[in-house]
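Student: Take a look and give me a structure for this.
(2 chains)
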Amino acid sequence: MKFKNKFEEQIFNIASKICDKNVTVEHNKNIRVEYAIFPEIIAFSGPPKKEIDIITANLLSNPKISLLISCKDFDGYKAKPEHVQEWCSVIHTMNKYSKETKYLGIVLSSSGFTSGCEPWVASYNIGLIPPLKGNNILFRPETILKMFERTLKALLKRLQFSFFDLFEQPEFYDFVYRLTSDFEGYEGTADSRYMIADNNWHSSFSEMIQIFMNKKIIDIISTNEMIGIICEDNLFFVLKKLKVMFGSDFKKIIGLKTDPVCKKNISLNNCTFDFLKSIVLNNKIKSAADFGTHFEFGLHNNINFGFIPPNGLHIIRTINPISENEL
Amino acid sequence: MSRPREQIFLFDSKGKKIDIDKLVKEYRTDNKRILADDEVGIILYVADLDLFSYKQLEDGNYLLQKVNEISSPRFPTKLIRRQIGSVVCTISADTIFTIRDKDIIKKIRADKLKKGMILSTGEKIYL
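Tutor: All right, here's what the predicted structure looks like:
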């Protein structure tokens, strides 16, 4: 199978994975309307036809619904209105003179679209990936592929419900927009230091604290590669250099077991690991603070429990006056 | 773990307020209804449940809009506060409004709303 470019091949592979064998790719294909006896389309060259490069995903067989996908890869340049107008007229004409098949259309561009494309695709009810969001956000190529995968999976599920509204403009355009617009927030997490171990998803401080709030600490993890805690409900939290990883996939905890360097109070007095455990274990997490280089949990017993990578632990009592409440 | 995009109030066809968190929790295991559940967030199909979101208008009346899907992103865009007409609301920066610009209407993101703009519904932006 030949592809015009890598982007088209990636889109085809995703569509094939989701729709199995119901996906085809064709280049310089002459597509013709199904119902060609209307007077307004009589012409010297016959009924309307168009030579296009197309990926077709047949989504439903009864009634027959096909998704016509156009991939634009302009080597860093954004697709312009004329590029989407072509697809608008193809989908419009195919639907207008269709016998039984209903067509939906999506245009993808590896480097995005100019803002003038939006009114055209919205008025012709065509999906646009990546979405236009009214700002200058540039989505990474891998994010655009994720958008397409998410949209196609959701569309297949959506077609299990009543779907005729999707063919009313701008419903399908809006449907694709709703599925892809949330990638704006996601795009900013690419270099996040938080990660969920179970599925390697990027995460955030707020998501982590929602999970760990009020969880009891039942053990402390200390290896030559990471330091952290095990909480009730099979949860762990570790710091590995500047990365924070949490979740319930304990296979991600690596390294040789070592004793951590334990400190107490503001004056950083040495203490034993057993002493630190006696203060920390079986207490619930009540707050957290991320200082970039180190991390702290606030515990139920007025203790701040800090992690200093690679293997430092620090506890301090937070009752004032601090000098009279040292550990 | 995800959070609603913005402060949405949902009502059923009888006007009873619906708790979005409870709704998402109730249907979380309904695989057919969950259109997407991934690292970006959750999209829940609700068009057949006859749910409506409401929007307060300048004259004090409410506009009910049918909701087809509820989006609950894991990484919502930043929240901002704007006074639109007589209502001060907290909205995500990428919420779309339509404004009047001479004889046309245009879409605009919430974070690009400016003082003095007039929405297509007639409400004025104050801050």
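Student: Only the buried residues of stretch A:140-151, if you could.
Tutor: A:Thr143, A:Ile144, A:Leu145, A:Lys146, A:Met147, A:Phe148, A:Glu149, A:Arg150, A:Thr151 (16 or more other Cβ atoms under 10 Å in any protein chain shown). To be clear about C-beta, it is placed using only N, CA and C from the backbone, and glycine gets the same treatment.
Student: same check, this time on stretch B:86-104
Tutor: Buried-residue list, stretch B:86-104, by 16+ other Cβ under 10 Å: B:Cys89, B:Ile91, B:Ser92, B:Ala93, B:Asp94, B:Thr95, B:Phe97, B:Ile99.
Student: can you name the two of the residues you listed that are farthest apart?
Tutor: Using Cβ to Cβ, the two most remote members of those are B:Ser92 and B:Ile99, lying 17.6 Å apart.
Student: and the next element down the chain from the helix or strand hosting A:Glu82?
Tutor: Taking DSSP states H and E as the definition, one finds A:Glu82 inside helix A:81-96. As assigned by DSSP H and E, the chain's next helix or strand after helix A:81-96 is strand A:102-109.
Student: Can that following strand be said to contact chain B?
Tutor: No - contact of strand A:102-109 with chain B (Cβ under 8 Å from any Cβ of the partner chain) is absent, the minimum separation being 15.3 Å.
Student: So chain B: which segments form each domain?
Tutor: Structural domains annotated on chain B: B:10-73, B:79-119, as defined by automatic domain parsing.
Student: how far away is B:Gln65 from chain A?
Tutor: 12 Å (Cβ to the nearest Cβ, to the nearest Å).
Student: SS state for that residue?
Tutor: Here B:Gln65 is recorded as strand under DSSP: H, G, I helix; E, B strand; the rest coil.
Student: related to what we said a few turns ago, dump the buried residues of stretch A:140-151 to JSON lines, plus pLDDT and distance to B:Gln83.
Tutor: Formatted as JSON lines, these follow (pLDDT from 0 to 100; distance: Cβ to Cβ, whole Å):
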{"residue": "A:Thr143", "pLDDT": "93", "distance to B:Gln83": "34"}
{"residue": "A:Ile144", "pLDDT": "95", "distance to B:Gln83": "36"}
{"residue": "A:Leu145", "pLDDT": "95", "distance to B:Gln83": "40"}
{"residue": "A:Lys146", "pLDDT": "95", "distance to B:Gln83": "37"}
{"residue": "A:Met147", "pLDDT": "96", "distance to B:Gln83": "34"}
{"residue": "A:Phe148", "pLDDT": "95", "distance to B:Gln83": "39"}
{"residue": "A:Glu149", "pLDDT": "95", "distance to B:Gln83": "40"}
{"residue": "A:Arg150", "pLDDT": "96", "distance to B:Gln83": "35"}
{"residue": "A:Thr151", "pLDDT": "96", "distance to B:Gln83": "35"}
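Student: which of the residues you listed come close to chain B?
Tutor: Among the buried residues of stretch A:140-151, chain B is touched by A:Lys146, A:Arg150 when using Cβ under 8 Å from any Cβ.
Student: Distance to A:Ser123 and secondary structure added to the buried residues of stretch A:140-151, as TSV?
Tutor: Shown next, in TSV, are the buried residues of stretch A:140-151 (distance: Cβ to Cβ, whole Å; DSSP: H, G, I helix; E, B strand; the rest coil):
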residue	distance to A:Ser123	secondary structure
A:Thr143	26	helix
A:Ile144	23	helix
A:Leu145	27	helix
A:Lys146	27	helix
A:Met147	22	helix
A:Phe148	22	helix
A:Glu149	27	helix
A:Arg150	24	helix
A:Thr151	20	helix
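Student: Of the buried residues of stretch A:140-151, just say which sits nearest to chain B.
Tutor: A:Arg150 (5.3 Å; Cβ to the nearest Cβ).
Student: Only the buried residues of stretch A:208-217, if you could.
Tutor: Result for stretch A:208-217 [16+ other Cβ under 10 Å]: buried residues A:Met208, A:Ile211, A:Phe212, A:Lys215, A:Ile217.
Student: Looking at the buried residues of stretch B:86-104, spot the one nearest chain A.
Tutor: For the buried residues of stretch B:86-104, with chain A as the reference and Cβ to the nearest Cβ as the criterion, the closest is B:Asp94, at 5.8 Å.
Student: Was I right to think that closest one contacts B:Ile108?
Tutor: No - taking contacts as Cβ atoms under 8 Å, B:Asp94 lies outside contact range of B:Ile108: 10.9 Å.
Student: Need the overlap of contacts for the two.
Tutor: A:Gly134 (Cβ atoms under 8 Å, 6 or more residues apart in numbering or on different chains).
Student: list the contacts for A:Tyr194?
Tutor: A:His202, A:Ser203, A:Ser204, A:Phe205, A:Glu207, A:Met208, A:Val244, A:Met245, A:Phe246.
Student: of the domains of chain B, which approaches A:Asp233 most closely?
Tutor: Nearest of the domains of chain B (Cβ to Cβ): domain B:10-73, 17.2 Å.
Student: Determine how far that closest one lies from the middle of the whole chain.
Tutor: Distance of domain B:10-73 from its chain centroid, counting by Cα atoms, centre = their mean, to the nearest Å, is 10 Å.
Student: Let me have the buried residues of stretch A:140-151 in TSV, extended by distance to A:Leu108.
Tutor: Formatted as TSV, these follow (distance: Cβ to Cβ, whole Å):
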residue	distance to A:Leu108
A:Thr143	12
A:Ile144	7
A:Leu145	9
A:Lys146	12
A:Met147	8
A:Phe148	6
A:Glu149	11
A:Arg150	13
A:Thr151	10
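Student: Can you tell me which of the buried residues of stretch A:140-151 is closest to A:Gly127?
Tutor: Using Cβ to Cβ, the buried residues of stretch A:140-151 come closest to A:Gly127 at A:Thr151, 6.8 Å.
Student: if we can go back for a sec, rebuild the buried residues of stretch B:86-104 as a markdown table, extending it with distance to B:Gln83, secondary structure and pLDDT.
Tutor: Below are those laid out as a markdown table (distance: Cβ to Cβ, whole Å; DSSP: H, G, I helix; E, B strand; the rest coil; pLDDT from 0 to 100):
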| residue | distance to B:Gln83 | secondary structure | pLDDT |
| --- | --- | --- | --- |
| B:Cys89 | 8 | strand | 82 |
| B:Ile91 | 11 | strand | 84 |
| B:Ser92 | 16 | strand | 84 |
| B:Ala93 | 16 | coil | 87 |
| B:Asp94 | 19 | coil | 85 |
| B:Thr95 | 14 | coil | 84 |
| B:Phe97 | 13 | strand | 87 |
| B:Ile99 | 15 | strand | 89 |
